[in-house]
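K.L.:
Have a look; sequence and predicted model below, questions after that.
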Amino acid sequence: MKFAVIVFPGSNCDIDCYKAVEETIGQSVDYVWHTATDLSAYDAILVPGGFSYGDYLRCGAIARFAPVMAEVVKAAEAGKYVLGICNGFQILTEAGLLPGALLRNRDLKFLCHPSPLEVVNASTPFTNQYRQGEVISIPIAHGEGNYYCDDETLARLQQNNQIVFRYANGGNPNGSVHDIAGICSERGNVVGMMPHPERAVSQLLGSEDGKRMFTSILNAWREQHDAAVNS
Ligand SMILES: NC(=O)CC[C@H](N)C(=O)O
């Protein structure tokens, strides 16, 4: 399986994502610069966190126009796995691949700490190795992680089981609607989340709870692949 980690000017979690793929599932992974115009070689696209284009205008608002984004949209439409983490989530909402928007944190402060998360949907390609309702610990690190969507969109997200993670144990660090920490597209192959699973892949980092996001992706891909081979 082949992973791409997209790198924008200002990305700062690209190396963590690369290492997480290498060390948790040992699959092939490349850094792909934001000017790239062909992602056809990749099965999964990771849009990492950071401060793309200095967060000018609005987080993700400029990155969404980078040449590589047309390819990310194409990959998502083709059913490939696309995971946006933190700034990556902001970019995916700006690009229209996921509904809603990320606003400034309720208390207008940058927040950086471990956060308990409930796995609400354990049947996406990114969460199949978790149990539904399980509470895991994954760190957050953002200034604009306050997920907002209107009531109609929230109802649709609930109906389609598109809420993947919620802040758990009564904590909602940033004011997100319905405590939402991560969502998926209708088809489930695109996920965006504010917490950083790539920063939770070893006890040295404080948690290993993020590892299963990467093993989930590999598991989903293998299942899809075996099904295609056997059909
Ligand atoms: N770690 C990140 O990706 C941060 C995202 C964005 N720069 C914010 O502060 O909200």
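P.N.:
Thanks, I have the structure now.

K.L.:
Next, count neighbours for I91.
P.N.:
I91: 31 surrounding residues under other C-beta atoms under 10 Å. Using the backbone N, CA and C atoms, a C-beta is placed for each residue, glycine as well.

K.L.:
What does it show for phi and psi?
P.N.:
Dihedral angles of I91 (phi, psi; degrees, to the nearest 10) stand at phi -70, psi -40.

K.L.:
For it, which residues are in contact?
P.N.:
Residues in contact with I91 (C-beta atoms under 8 Å, 6 or more residues apart in numbering) are 8, 47, 52, 59-60, 63-64, 69, 84.

K.L.:
Repeat the analysis, applying 7 Å as the threshold.
P.N.:
47, 52, 60, 63-64, 84 (C-beta atoms under 7 Å, 6 or more residues apart in numbering).

K.L.:
One more: E208?
P.N.:
Neighbour list for E208: 200-202 [criterion: C-beta under 7 Å, 6+ apart].

K.L.:
got the residues of the protein near the ligand?
P.N.:
Contact residues (C-beta under 6 Å from any ligand atom) of the chain with the ligand: 49-51, 55, 59, 86-87, 141-145.

K.L.:
Sort out for me which of those are in strands.
P.N.:
Within the residues of the chain next to the ligand, residues falling in strands by DSSP state E are 141-142.

K.L.:
Any chance of JSON lines for the residues of the chain next to the ligand, columns neighbour count, pLDDT and distance to L111?
P.N.:
Converted to JSON lines, the residues of the chain next to the ligand look like this (neighbours: other C-beta atoms under 10 Å; pLDDT from 0 to 100; distance: C-beta to C-beta, whole Å):
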{"residue": "G49", "neighbour count": "26", "pLDDT": "98", "distance to L111": "13"}
{"residue": "G50", "neighbour count": "25", "pLDDT": "98", "distance to L111": "16"}
{"residue": "F51", "neighbour count": "17", "pLDDT": "98", "distance to L111": "15"}
{"residue": "D55", "neighbour count": "18", "pLDDT": "96", "distance to L111": "15"}
{"residue": "C59", "neighbour count": "28", "pLDDT": "97", "distance to L111": "14"}
{"residue": "C86", "neighbour count": "29", "pLDDT": "98", "distance to L111": "11"}
{"residue": "N87", "neighbour count": "29", "pLDDT": "98", "distance to L111": "14"}
{"residue": "A141", "neighbour count": "20", "pLDDT": "98", "distance to L111": "7"}
{"residue": "H142", "neighbour count": "23", "pLDDT": "98", "distance to L111": "6"}
{"residue": "G143", "neighbour count": "17", "pLDDT": "98", "distance to L111": "8"}
{"residue": "E144", "neighbour count": "21", "pLDDT": "98", "distance to L111": "10"}
{"residue": "G145", "neighbour count": "28", "pLDDT": "98", "distance to L111": "7"}
